[in-house]
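Enquirer: predicted model and sequence follow; I will ask about them next.
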Amino acid sequence: MIEKKEFSVDQIDRIIEMAWEDRTPFDAIALQFDLSEKEVIKLMRREMKPSSFKMWRARVQGRKTKHLKKVATAVDRFKCSRQRGISNNKISKRK
């Protein structure tokens, strides 16, 4: 039998918050809370109003940023074209 995971109210709130965020992939939720995408969907269905759950599912379904496998590389995701000029937390001056 599959072990049922117990979460505090604060943890459930954080999981829901992460699931709603566009740039937080399901892999990050899995890493932090040991929940698969299917388990996150079940939790969202259980904790949210039906209309809110439907809205969330429509928003998340097929979204590239929620699935790291659909993003080229995780590193490229947050890279800025001007990032090369940044070193040691100081912005290099353009000349």
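Expert: In hand now; what should we look at?

Enquirer: how about the strand or helix carrying Asp13: buried residues?
Expert: For Asp13, the host element (DSSP states H and E) is helix 9-20. For helix 9-20, burial by neighbour count (16 or more other CB atoms under 10 Å) applies to Ile12, Ile15, Ile16, Met18, Ala19. The C-beta positions use only the backbone N, C-alpha and C, and glycine is treated the same way.

Enquirer: what are the boundaries of the strands in the chain?
Expert: Using DSSP state E, the strands of the chain run over 86-87, 90-91.

Enquirer: tell me the spacing between Ala58 and Ser51.
Expert: 11 Å (CB to CB, to the nearest Å).

Enquirer: okay, Asp34: pLDDT?
Expert: If you check Asp34, the pLDDT there is 93.

Enquirer: contact partners for the nearest residue to it once chain neighbours are set aside?
Expert: Distances taken as CB to CB, 6 or more residues apart in numbering place Lys5 nearest to Asp34, at 6.9 Å, with adjacent residues excluded. The neighbours of Lys5, taking CB atoms under 8 Å, 6 or more residues apart in numbering as the test, are Phe33, Asp34, Leu35, Glu39.

Enquirer: got a PyMOL select line for the buried ones in those residues?
Expert: A single PyMOL command selects the buried members of these (16+ other CB under 10 Å):
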select buried, resi 33+35+39
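
Enquirer: now, the contacts of Lys5 that are in helices?
Expert: In this view, the contacts of Lys5 that belong to helices under DSSP state H are Phe33, Glu39.

Enquirer: export the contacts of Lys5 to a markdown table and tack on distance to Arg46?
Expert: Shown next, in a markdown table, are the contacts of Lys5 (distance: CB to CB, whole Å):
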| residue | distance to Arg46 |
| --- | --- |
| Phe33 | 15 |
| Asp34 | 17 |
| Leu35 | 12 |
| Glu39 | 10 |
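
Enquirer: between the contacts of Lys5, which sits nearest Thr24?
Expert: Proximity of these to Thr24 (CB to CB) peaks at Phe33, which lies at 11.6 Å.
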